[in-house]
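[1] Next come a sequence and a model predicted from it.
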Amino acid sequence: MIKNFKWLLLVSLSFVACNNDDNTAVVEEPVSPGTAVFTKYVALGDSFAAGYSDGALFKKGQDGSYAAILAQQFAEAGGGEFKTPYMADNLGGLLLGGNVIAGTRLYFNGSAPVAVAGKPTTEVTTKITGPFNNLGVPGAKSYHLVAPGYGNVAGVAIGKANPYYARFATSATTTVLADALAQSPTFFSLWIGGNDVLGYATSGGIGVNQTGNLNPATYGGNDITDPNVFASVYASLVTNLTANGAKGVVANLPYVTGLPYFTTVPYNPVPLTAAVATQLNAGYAKYNGGLLFAASKGLITAAEATKRTITFAAGANAVVIEDSYLTNLAAYGIPSYRQATNEDLMVLTSRTVIGTAVGGDPTKVNGVSVPLADQWVLTKDEIAEVKAATDAYNVTIKAIADSKGLAFVDTKAMMAQLSTGGIVQNSFTLTSTYVTGGAFSLDGVHPSPRGYALIANAFTAAINAKYTSTLKNVDLGLYRILYPATLE
């Protein structure tokens, strides 16, 4: 059973001062835009550009988005005003006609992440006046940026429009791209595509892999976007943004499976005594016998029978899961069960399900005597689908960045580094470890304040390298790891 996850907070900050033994004055290089022009900067993207954090969008988070941080750096090199479509409060969450449609942000109460108390005050139907430079839209997929009506308030209740964009879209029929182009940007950032696989992953692969389907109008919210659809949309976005000479920076996509949302809950969190293990093995004896029967009849291979056999022992045990990729033996009364392996990923929300009794019945324990439903697990095969799509999107992003002469940020490499030892800046080590790693917020998907600063510095480095600008990095020590319960 999973009980009492132990959370540790990083509470001490260390600072390193530079020594200058010879008392020689250090002359700082003046900030210069190089060949870039930052006069009118627009940011296109999804929740990362918007500053979403701790499961919500709120004012302080918006101020700390990587796009907002970049705009502050651009201001020192001739950048102009950067207008943000602010939420109404620091609670987060949304109202539609007075009804709550998105909850408040999370904070750490000393034991676990919990929602901030209070009712959201941001009403979707209350339009705010732009135009806005930050066009990051939480939940947006690539093709949403060119979809007319994505900001139509009337479409929010039926799932045809985005509630965050509906607040500030310039009209009911406009597109995110059109609202960007109307501002005649001289510089842009574009980081989009994460949501084209994220919903599929966070839902445990419940969606559909739409590879081969070129009609996004038929896609569901948790589906994987066809790589050719992504390529067409991405090319259109960049072609339009650069048509009048604007320069920009783009970023590729990390494997979302490296996020804390997928790496926090182990596949084998079930501690059992020898006696309980024996009871469970007796309970699964009929199922295991059915597998032997199926193998003897050539319905499955001996290897698959072995893969599907469920056996418990004293100590830590892997959870039992449903796996739709197994050979369907339902006609023979044999369900598609197996135990998880280290190649499967339990989603973060499964921590509240594994080990709990179904209907209060102690003999029916989720993940043990009752297999986990598909929604709680991203299986090895589903992980492969996510990675294949991400790889295809990244080929497109890099090729278009190179062909258009844009600055390029390798966030895929950043994520890999965060997952394998961490990244050190300003004497701080950031990792992808949930809660204590410093890079990610409590929702396990979106960056922490310090994580957003790290991303902004990566964008700055790419811009400097491409356009010979001399923008400065921000000090990570100025950005907190987690937001407190109360924000002014």
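    Thanks, I have it.
[2] report the longest helix in this structure, please.
    Ordering each helix of the chain by length in residues (DSSP state H) puts helix 380-404 first.
[3] Okay, buried residues for it please.
    In terms of neighbour count (16 or more other C-beta atoms under 10 Å), helix 380-404 has its buried residues at 382-383, 385-386, 389-390, 392-394, 396-397, 400-401. To be clear about C-beta, it is placed using only N, CA and C from the backbone, and glycine gets the same treatment.
[4] Going along the chain, name the strands of the stretch 301-450 of the chain.
    315-317, 320-322, 337-339, 345-346, 357-358, 361-365, 377-378, 407-409, 423-425, 428-430 (DSSP state E, counting those that start in this stretch).
[5] Which of the ones you listed sits closest to Asn240?
    Across the strands of the stretch 301-450 of the chain, Asn240 has its closest neighbour in strand 407-409 (18.0 Å, C-beta to C-beta).
[6] Relative to the closest one, what are the paired strands and their orientations?
    strand 247-251 (parallel) (DSSP bridges).
[7] tell me the angle of the partner strand relative to helix 380-404?
    160 degrees (axes from the mean of the first three to the mean of the last three C-alpha atoms, to 10 degrees).
[8] what's next to the very next helix or strand once past strand 247-251, contact-wise?
    Sequence order places helix 260-263 as the next helix or strand after strand 247-251, per DSSP states H and E. Contact with helix 260-263 is made by 201-202, 256-257, 345-348, 378, 419, 432-434, 437, 440, 443-445, as judged by C-beta atoms under 8 Å, 6 or more residues apart in numbering.
[9] what's the neighbour count on the nearest residue to Tyr86 once chain neighbours are set aside?
    Closest residue in space to Tyr86, ignoring its immediate chain neighbours: Lys59 at 5.5 Å, by C-beta to C-beta, 6 or more residues apart in numbering. Neighbourhood size, Lys59 [other C-beta atoms under 10 Å]: 19.
[10] and Lys59, what is it in contact with?
    Tyr86, Met87, Asp89, Asn90, Leu487.
[11] quick check, nearest of those residues to Gly139?
    The shortest gap between Gly139 and any of the contacts of Lys59 belongs to Met87, at 14.5 Å (C-beta to C-beta).
[12] who's in contact with the closest one?
    Applying C-beta under 8 Å, 6+ apart, the residues near Met87 are Leu57, Phe58, Lys59, Gln62, Thr122.
[13] Please apply the same query to Gly155.
    Contacts for Gly155 (C-beta under 8 Å, 6+ apart) come out as Gly149, Ala161, Ala166.
[14] Which one of these is nearest to Ser336?
    Set against Ser336, the nearest of the contacts of Gly155 by C-beta to C-beta is Ala161 (37.1 Å).
[15] For the residue nearest to Tyr86, give its distance to Asn99.
    Between Lys59 and Asn99 the computed distance is 22 Å (C-beta to C-beta, to the nearest Å).
[16] can you check Tyr66 too?
    Distance, Tyr66 to Asn99, using C-beta to C-beta: 32 Å.
[17] Which residue of the two possesses the greater neighbour count?
    Taking neighbours as other C-beta under 10 Å, Tyr66 and Asn99 compare with Tyr66 leading, 28 against 10.
[18] my guess is that one meets Ile455, correct?
    Yes. With contact defined as C-beta atoms under 8 Å, Tyr66 reaches Ile455; the gap is 4.3 Å.
[19] follow-up on the earlier one: tell me which of the contacts of Met87 is nearest to Asn134?
    Gln62 (7.4 Å).
[20] that's a helix at that closest one, yeah?
    Yes. Counting by DSSP: H, G, I helix; E, B strand; the rest coil, Gln62 is found in a helix.
[21] Could you double-check that it lies in contact with Tyr86?
    Yes. Gln62 lies in contact with Tyr86 (C-beta under 8 Å); the separation is 6.0 Å.
[22] Show me the helices in this structure, by range?
    Ranges of helices within the chain are 47-50, 59-63, 66-75, 163-166, 176-181, 195-202, 227-242, 260-263, 274-283, 285-296, 302-308, 380-404, 411-419, 449-467, based on DSSP H.
[23] I'd like the distance from the fifth one to the chain centre, please.
    This points to helix 176-181. 24 Å (C-alpha atoms, centre = their mean, to the nearest Å).
[24] and it, what's its mean pLDDT?
    The average pLDDT for helix 176-181 rounds to 98.
[25] Could you name the helices and strands sitting against that helix?
    Other elements packing on helix 176-181 under the criterion 3 or more C-beta pairs under 8 Å, 6 or more residues apart in numbering; DSSP states H and E are strand 41-45, strand 134-136, helix 227-242.
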